[in-house]
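> got a sequence here, can you build the structure:
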Amino acid sequence: MKLESYETLHCDAGWRKFSFLRLIADNGTTGISEYNESYGSPRLTASSRLYWTG
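Predicted coordinates:
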């Protein structure tokens, strides 16, 4: 199984922004994880873009 693509999703809930990372594998398997850029990981979205796109 190899990772085929990824997607970052963001939702403003008013008091906090929710962020999600979705990974899609070449066999159709998907996984979604929530992360929080508001409290301690402000560079995760940018880092994932650099990592996955080279």
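> all strands for this protein, in order.
Using DSSP state E, the strands of the chain run over residues 3-12, 17-25, 30-35.
> quick one: low-confidence residue ranges for the chain.
The model of the chain has pLDDT under 70 over residues 38-54.
> please point out which parts of stretch 20-35 sit buried.
21, 23, 35 (16 or more other CB atoms under 10 Å). Where you see a C-beta, it was placed from the backbone N, CA and C, and this is true even at glycine.
> do you know how far the last one is from residue 20?
Taking CB to CB, to the nearest Å as the criterion, residue 35 is separated from residue 20 by 7 Å.
> the nearest residue to residue 32 once chain neighbours are set aside pairs with what?
By the measure of CB to CB, 6 or more residues apart in numbering, the closest residue to residue 32 outside its immediate chain neighbours is residue 22, 4.9 Å from it. On DSSP bridges, the residues paired with residue 22 through beta bridges are residue 7, residue 32.
> isn't residue 22 right up against residue 6?
Yes: under the contact definition of CB atoms under 8 Å, residue 22 touches residue 6, with a separation of 6.5 Å.
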